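>>> Sequence and predicted model, in that order:
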Amino acid sequence: MSAFLSLDPTLENYWRSVILFGQNVASYKFALAKSLIELSAAGNSSISLETLAKPFSKAILDHLAQAPKQATSSSSRFLDSCREFSAGKLTEDELIGSTTKLGFQNVIDAFHVVNRDEIPVRFFKDDRKTGGGITLTDDLFRLAERIQYGNLPHEVEARWRLVETAWELGVNRAALAIGVEGDLLVVNGNRRKALTGCRDALNGYQKGKCFYCFDDIAIDNTSPRLADVDHFIPRMMLQTGLTLPLDGVWNLVLACRLCNRGVEGKSSRIPHPRLLERLDTRNEFFIGSHHPLRETLLAQTGATRQQRTAYLNAVYQSSREMLIHTWEPRFEHELAF
């Protein structure tokens, strides 16, 4: 996580560190993150637990409907209340009361904790000891003014889908082979399952920047900055007869349209050798995360950093011998990773 923040410790990247690198024993962190985004749009800073309980419980209910397992524990009184509400056994007021009492017991305390320590930025203050709820901080409202803010809800949702899918499938994490089909990340194999938008899942690990030139990109389909999903090692290498997992997450990057398919864009050329180190760095962000992208990348490229770097170098050299010509962007913004 420290490597992720070292070059670009911005508000949005502190937020991403919470979403991408925090431990997950339940999905409540994601529900709280979505609630904070929703409530900050109203402009009020003082939020009672009852007010927080409404978007929080709704987010949990939405995900329970598609993925019944929302925690690693075998039982949860709060999740049981949500299920009872869905079954018509609790009223909305009873659900809000249960959420207020049971839903926030750990997640408010743990939200800002990454790698056992609190990040130096707080997006809310805990006022429960003085009889209140939470207070949204200026940092959260400043975050809402950043160009990357529109990407963050998509990233939270994608991360949530990845985590709950691993729990739902109930398989060894190393057995999850995640690849791309069209615009989706999918779990391949005997239990093929569509996961989430490819852009949504990858964007946070690139800090919302084009992999090649570091310009800001977007993952909203309506944005003129919508990123392309690019194969770092061009997919045309499969035509040579090589059997490589080029649709694996290790080889997928997000690029602005100018870099990917502009007049002077990469197209099917192989990136300059210096960009291979950047791919290695980006992939290590996956490794610093938790399942299932981490486990997929370990299975595809190696269990140790040395093995993974050697794998990338070997694939790169084989590809360069066949494709010959290299490409790099003419201009790059300030380094983001």
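Yes, it's here.
>>> SS state for L195?
Secondary structure for L195, judged by DSSP: H, G, I helix; E, B strand; the rest coil, is strand.
>>> burial of it, as a residue count?
Per other CB atoms under 10 Å, the neighbour tally for L195 reads 21. In this view, the C-beta of every residue, glycine as well, is placed from N, C-alpha and C.
>>> contacting residues for it?
Shown in contact with L195 (CB atoms under 8 Å, 6 or more residues apart in numbering): R161, L162, T165, I178, L184, L185, V186, V187, A201.
>>> most neighbours, which of these?
Of all the contacts of L195, L185 has the most neighbours under the rule other CB under 10 Å, reaching 29 neighbours.
>>> Give me the distance between the nearest residue to it once chain neighbours are set aside and R269.
Nearest non-adjacent residue to L185, counting by CB to CB, 6 or more residues apart in numbering: L195, 4.5 Å away. Distance of L195 to R269, given as CB to CB, to the nearest Å: 30 Å.
>>> Okay, strands next: where are they in the chain?
With DSSP state E as the criterion, the chain has strands at 46-47, 113-114, 117-118, 124-126, 134-136, 177-181, 184-188, 193-197, 228-231, 252-255, 270-271, 326-327.
>>> Mean pLDDT added to those, as a markdown table?
What follows is the strands of the chain, written out as a markdown table (pLDDT from 0 to 100):
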| stretch | mean pLDDT |
| --- | --- |
| strand 46-47 | 98 |
| strand 113-114 | 93 |
| strand 117-118 | 92 |
| strand 124-126 | 98 |
| strand 134-136 | 98 |
| strand 177-181 | 80 |
| strand 184-188 | 80 |
| strand 193-197 | 80 |
| strand 228-231 | 95 |
| strand 252-255 | 97 |
| strand 270-271 | 96 |
| strand 326-327 | 95 |
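>>> for those, which one sits closest to F21?
strand 113-114 (5.2 Å; CB to CB).
>>> Check which helices and strands the closest one sits against.
When contacts are defined as 3 or more CB pairs under 8 Å, 6 or more residues apart in numbering; DSSP states H and E, strand 113-114 packs onto helix 11-21.
>>> Can you list the buried residues in the helix it packs on?
Neighbour-count burial for helix 11-21 flags L11, E12, N13, Y14, W15, R16, S17, V18, I19, L20, F21 (criterion: 16 or more other CB atoms under 10 Å).
>>> re earlier: R142: which of the contacts of L195 is nearest?
A201 (25.9 Å).
>>> For V315, which residues are in contact?
Applying CB under 8 Å, 6+ apart to V315 gives the contacts I233, L244.
>>> which of the buried residues of helix 11-21 lies closest to E332?
Among those, and counting by CB to CB, the member closest to E332 is N13, at 18.3 Å.
>>> Okay, buried residues for stretch 20-32 please.
In terms of neighbour count (16+ other CB under 10 Å), stretch 20-32 has its buried residues at L20, F21, G22, N24, A26, S27, Y28, K29, F30, A31, L32.
>>> Among the residues you listed, name the ones in helices.
Judged by DSSP state H, these include L20, F21, Y28, K29, F30, A31, L32 as members of helices.
>>> could I get those as CSV with distance to Y149 and pLDDT?
Formatted as CSV, those follow (distance: CB to CB, whole Å; pLDDT from 0 to 100):
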residue, distance to Y149, pLDDT
L20, 16, 94
F21, 20, 90
Y28, 22, 97
K29, 19, 97
F30, 17, 98
A31, 19, 98
L32, 17, 98
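>>> between those residues, which is closest to A59?
The closest of these, once distances to A59 are taken by CB to CB, is A31, at 4.1 Å.
>>> State the distance from that closest one to R261.
Distance, A31 to R261, by CB to CB: 38 Å.
>>> Same check on S289?
Counting by CB to CB, the gap from S289 to R261 is 29 Å.
>>> Those two: which has the busier surroundings?
A count of neighbours by other CB under 10 Å puts S289 above the other of S289 and R261, at 24 against 13.
>>> In contact with that one, which residues?
S289 makes contact with L20, F21, Y205, according to CB under 8 Å, 6+ apart.
>>> didn't the last one look like it was pressed against S17?
By that I understand Y205. No - checked against CB atoms under 8 Å, the pair Y205 and S17 is beyond contact range at 11.0 Å.
>>> Now for D228: which residues touch it?
L254, A255, C256, R257, N260, R261.
>>> now D8
K207, L335, A336, F337.
>>> Keep only those of the residues you listed that are in helices.
Using DSSP H, no member of the contacts of D8 falls within helices.
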